[in-house]
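In: here's my sequence, what's the structure:
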Amino acid sequence: MPYADIPDLLQCAAPVEGVLTLTLHRPALRNALSTPLLQALVQVLARAEQDDAVAVVVLSGGDKVFAAGADLAEMADKKLPAMLCDERPALFAAIARFPKPLLAAVCGYALGGGCELAMHADIIIAGESACFGQPEIKLGIMPGAGGTQRLLRAVGKSLAMKMVLSGDFIGAEEARQAGLVAEVWPDADCLPKAQALAARIARQAPLALRLAKAALLAAQETGLSAGLAQERAHFVTLSASQDRQEGIRAFLEKRSPQWQGC
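Out: Numbering: from 1, shown residues only. Here you go, the predicted model:
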């Protein structure tokens with residue numbers, strides 16, 4: 001499936017070992033998240049969802065900055081009617097619905113909408129320069145793309161309140177200790193480490209990956225009993241898959257499994 005015809009706002013190449021790497025590309029504006037950039041990202045993720053050559057997606061902003069926030073020039077003149085009809089919530093919702101594993105490799109600033117975009121990823125790998133924050137309060141506004149909800153679920157009430165109400169940033173190591181980030185590496189190693197983890201994930205059974213991700217995400221929105229019921233339903237669904245049979249057979253035969261995705 002071709003990925004070469006997307007706008008220059010987003011860079012990507014052919015998948016490698018089942019991993020599609022996407023790079024936000026507005027360097028002059030520190031990857032400010034304009035509507036066209038989000039549209040391009042949603043467009044590529046829609047292709048990746050249907051592409052059997054893609055098992056995992058890694059999203060990067062490059063080695064200097066992930067995304068320093070929303071495009072304020074685009075937002076400045078929007079009044080209430082325009083905000084009510086804003087396309088951006090639907091675009092972020094489409095990113096959140098992406099069913100395959102999504103990793104973010106974050107170096108430099110991930111602020112405002114950039115932090116919110118990073119939190120749409122299933123796993124965040126950070127460079128040592130990474131800096132996370134929701135500084136919207138300093139502009140007389142507040143997070144509007146999931147920042148209050150996802151941040152609180154990731155780092156807990158007290159730290160989320162501090163970050164949102166003061167606009168303070170946290171660094172990579174504090175973000176790891178708080179649970180926002182899975183791993184921290186030197187900046188030069190951030191993207192390669194994210195791609196290596198993505199490649200390990202990509203070697204797993206595709207259907208199991210999708211259902212495991214769905215069950216984990218459901219845990220953020222349901223109580224324990226409902227979450228356990230959904231987990232069990234997905235577990236039972238996998239019992240009818242060819243890949244389950246192949247996985248068990250390969251283990252007993254001491255060989256690598258050959259997944260069919262069904």
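In: how about the helices in the stretch 101-250 of the chain?
Out: 113-119, 147-155, 157-166, 172-178, 187-202, 206-218, 224-238, 242-252 (DSSP state H, counting those that start in this stretch).
In: which residues sit against the first one?
Out: Judged by C-beta atoms under 8 Å, 6 or more residues apart in numbering, the contacts made with helix 113-119 from elsewhere in the structure are 31, 33, 59, 61, 66-70, 92, 95, 104, 106, 110, 124, 132-134, 143, 145-147, 150-151, 154, 180. For every residue, glycine as well, the C-beta is placed using N, CA and C.
In: now for the protein, the helix or strand with the poorest mean pLDDT.
Out: The helix or strand of the chain with the poorest confidence is helix 80-84; it has a mean of 62 (mean pLDDT, DSSP states H and E).
In: burial-wise, tell me which of the helices of the stretch 101-250 of the chain comes out on top.
Out: helix 113-119 (a mean of 28; mean count of other C-beta atoms under 10 Å).
In: dump it to CSV, restricted to CA.
Out: Below are the C-alpha coordinates for helix 113-119, written out as CSV (Å, rounded to 0.1, in the frame of the first residue of the first chain):
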residue,chain,number,x,y,z
GLY,A,113,-1.6,19.2,21.8
GLY,A,114,1.8,17.6,21.4
CYS,A,115,1.5,16.0,24.8
GLU,A,116,-2.1,15.0,24.1
LEU,A,117,-1.0,13.4,20.8
ALA,A,118,1.8,11.5,22.6
MET,A,119,-0.8,10.2,25.1
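In: so how far is it off the chain centroid?
Out: 8 Å (C-alpha atoms, centre = their mean, to the nearest Å).
In: now stretch 36-56
Out: That offset, for stretch 36-56, works out to 12 Å (C-alpha atoms, centre = their mean).
In: list the contacts of it.
Out: Contacts of stretch 36-56 (C-beta under 8 Å, 6+ apart): 1, 3, 6-7, 9-10, 12, 15, 18-20, 22, 24, 26, 31, 57, 59, 71, 87-88, 91-92, 94-95, 98-103, 198-199, 201-202, 204, 206, 209, 261.
In: what subset of those residues is buried?
Out: 3, 6, 9-10, 12, 15, 18-20, 22, 24, 26, 31, 57, 59, 71, 88, 91-92, 94-95, 98, 100-103, 198-199, 201-202, 204, 206, 209 (16 or more other C-beta atoms under 10 Å).
In: just to revisit the earlier point, so which of the contacts of stretch 36-56 belong to strands?
Out: Leu10, Cys12, Val19, Leu20, Leu22, Leu24, Val57, Leu59, Leu102, Leu103 (DSSP state E).
In: what sits against the second one?
Out: Cys12 makes contact with Tyr3, Ile6, Leu20, Thr21, Leu22, Thr23, Val44 under the criterion C-beta under 8 Å, 6+ apart.
In: make it 6 Å
Out: Neighbour list for Cys12: Tyr3, Leu22 [criterion: C-beta atoms under 6 Å, 6 or more residues apart in numbering].
In: alright, that wraps it up for me.
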